[in-house]
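1. Return a 3D structure for these sequence lines:
(one chain, ligands or ions: 1)
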Amino acid sequence: MGIEFFTRLPLHGETEYLPGDPRNRGDWTNNENIENTGAVSNYEVGDDFTYIDYLSQVARAAEINGFAGALMVNAPTGEEPWTVCSLLARETKKLNFVTAFQAYHFSPYNAVQTAATYQRATGNRLVWNIINGGSEVIQRQVGDDLPHDERYARATEFLDVVKGYWNNPSFHYKGKYYSAEGGGLKYPLNKASLPIICTAGSSEAAREFGAKHADYYLMRAEKPQEIASLIADVRLRAKKYGRENIKFGLSIDTIARRTEQEALAEAQRFLDEAAEKQRLHAAAAHAGLRSARVLSFEKEYAEKDGSKNVSDFFIHPNVWSGFGYIGVPPGVALVGSYQQIIERIQEYNSIGIELFFLAGYPHLEESYRLGEHVLPHFKKQRQALQRIPEESKYRIA
Ligand SMILES: Cc1cc2nc3c(=O)[nH]c(=O)nc-3n(C[C@H](O)[C@H](O)[C@H](O)COP(=O)(O)O)c2cc1C
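-> Numbering: from 1, shown residues only. Below you'll find the model as predicted:
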């Protein structure tokens, strides 16, 4: 089975210490009256260096170290990912950028035109991660009043229209949420490729949406058997649409070190900091990115009873849920020696994960650790991202 590696850029702050700690690079302290000590720049608007310069370093490190792309999460409190993609595209040579956005934030034509311009400028380096909001509270904050399942219905139409516009110079459509009367990509914009499409979300509505439209269905890490059953379910749903070759991606952090002891010590350092700051069992993972489905390791937090013992959080060998327990998304990390991390990646790959989003803290340093000690092992197996060919379905004769 093929395998590909992307990393994740820290669009809402570096996390060498817990989120909000002023020692972290960037200016995401919890309190604006506390001065950042982790920042070389003051990150004031108008300074010579901004947080984007740091993100640019991480992106360059990622491609120098052999990552094929970078995931950029869209949280309302973080930097806006599509803008960051555009800023970083010209500072990198080959890196693909996965931008997350909600159908709600764009009109289909606006998304098509923006992506086509980006693709032409960058050699088709844009990947879309279509998100639909896990938190009702955050959706209302940003002005979207559709309920959860209906957001997926809207996104399904959104992508029908996007694919129609992309493949036709004069596309007509009348749906519940969108309509089109003869618009569509024309030469030369239509020389660009439609971005490869990813999505995530484990609710029924999200799985159905992914089955119909995604080239890659993304998941947060769970126990391998749980991932395997989610894969089987989504693949079965995709079959209905003639898309059983849909592929699967996994987002998982890493604490990869020379020895297991070194990795465990680093994981313990995070737990100790959380205990000191009374943030054990913090709002698990990232509130805005939460799924309607509570994952099994999240349910198990209730039994941990304030534990700060690193070994209490292994849900599978080297698969550590301690980050979710202290409020660091996505919540689960591979913790171990370089060799152990390679073995766990092989295990998830063998059950159907072909795209890995790996990141650790600080992102810059972990990128080198992974690039030097883990990625080379998979050199022969690497396979660039692939789209499910279905253009003709969206072409009007
Ligand atoms: C790899 C990955 C990346 C994600 N990125 C984002 C993101 O950038 N912004 C966001 O709001 N949600 C993000 N999510 C969350 C999902 O898109 C989805 O909103 C969440 O899982 C809730 O979906 P559900 O309630 O339908 O299960 C991500 C999830 C995964 C697995």
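2. Can you pull up the most central residue in this protein?
-> Leu71 (4.6 Å; C-alpha atoms, centre = their mean).
3. Phi, psi for that one please.
-> Backbone torsions of Leu71, given as degrees, to the nearest 10, read phi -90, psi 140.
4. Show me what from this protein comes close to the ligand.
-> Residues of the chain that fall close to the ligand, judged by C-beta under 6 Å from any ligand atom: 73-75, 100, 129, 131-134, 200-203, 205-206, 218-220, 251, 288-289, 291-293, 357. Quick note: C-beta positions are derived from backbone N, CA and C, even for glycine.
5. redo that, cut-off 8 Å
-> Contact residues, the chain versus the ligand (C-beta under 8 Å from any ligand atom): 71-75, 81, 100, 102, 129-135, 138, 148, 152, 198-203, 205-206, 218-220, 249-251, 288-293, 330, 357.
6. Strands of the stretch 51-200 of the chain, start to end?
-> Using DSSP state E, counting those that start in this stretch, the strands found in the stretch 51-200 of the chain span residues 69-72, 96-102, 126-131, 171-174, 179-183, 196-200.
7. Out of those strands, which is the most enclosed?
-> strand 69-72 (a mean of 27; mean count of other C-beta atoms under 10 Å).
8. in the helix or strand bottoming out on mean pLDDT in the chain, what counts as buried?
-> Ranking every helix and strand in the chain by mean pLDDT, DSSP states H and E puts helix 296-304 at the bottom, with a mean of 87. Going by neighbour count (16 or more other C-beta atoms under 10 Å), the buried part of helix 296-304 is 297-298, 301, 304.
9. Tell me where this protein is predicted with low confidence.
-> Of all residues in the chain, those with pLDDT under 70 make up the ranges 282-292, 397.
10. what about whichever strand in it runs longest, distance to the chain center?
-> When the chain is parsed with DSSP state E, its longest strand is strand 247-257. Remark: strand 247-257 is offset 10 Å from the chain centroid, using C-alpha atoms, centre = their mean, to the nearest Å.
11. With stretch 298-305 instead?
-> 25 Å.
12. Can you show me the CA trace of it as CSV?
-> Extracted as CSV, the C-alpha positions of stretch 298-305 are listed here (Å, rounded to 0.1, in the frame of the first residue of the first chain):
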residue,chain,number,x,y,z
GLU,A,298,-11.9,10.6,25.5
LYS,A,299,-14.5,8.5,27.4
GLU,A,300,-11.6,6.8,29.2
TYR,A,301,-10.3,10.1,30.6
ALA,A,302,-13.0,9.9,33.3
GLU,A,303,-11.3,6.9,34.8
LYS,A,304,-7.9,8.6,35.0
ASP,A,305,-8.9,10.7,37.9
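13. Which residues outside that stretch are in contact with it?
-> 281, 284-285, 312-313, 315, 321, 324-325, 331 (C-beta atoms under 8 Å, 6 or more residues apart in numbering).
14. right, and the pair among those with maximum separation?
-> Spatially, the most separated pair among these is Ala285 and Asp312, at 17.4 Å (C-beta to C-beta).
15. With neighbour numbers in mind, choose between those two.
-> Ala285 (24 against 17; other C-beta atoms under 10 Å).
16. Just the CA atoms of stretch 375-387, as CSV, please.
-> Provided in CSV are the C-alpha atoms of stretch 375-387 (Å, rounded to 0.1, in the frame of the first residue of the first chain):
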residue,chain,number,x,y,z
LEU,A,375,10.6,9.3,6.7
PRO,A,376,13.7,7.8,5.0
HIS,A,377,12.5,4.4,6.1
PHE,A,378,9.4,4.7,3.8
LYS,A,379,11.3,6.1,0.7
LYS,A,380,10.4,3.2,-1.6
GLN,A,381,6.7,3.2,-0.6
ARG,A,382,6.0,6.9,-1.0
GLN,A,383,3.1,7.7,-3.4
ALA,A,384,1.9,11.2,-4.3
LEU,A,385,-1.7,12.1,-3.4
GLN,A,386,-4.2,10.9,-6.0
ARG,A,387,-7.6,12.1,-7.0
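17. all numbers from here: first residue = 511
-> Got it, the first residue is 511 from now on, which makes the last one we talked about stretch 885-897.
18. List the contacts of it.
-> Contacting residues not belonging to stretch 885-897 are listed as 511-515, 575-579, 606, 637, 703-704, 706-707, 725-726, 757, 852, 855, 859, 864-865 [C-beta under 8 Å, 6+ apart].
19. Please apply the same query to stretch 603-610.
-> So stretch 603-610 is contacted by 516, 569, 572-573, 577-584, 591-592, 594-595, 598-599, 635-641, 708, 895 (C-beta under 8 Å, 6+ apart).
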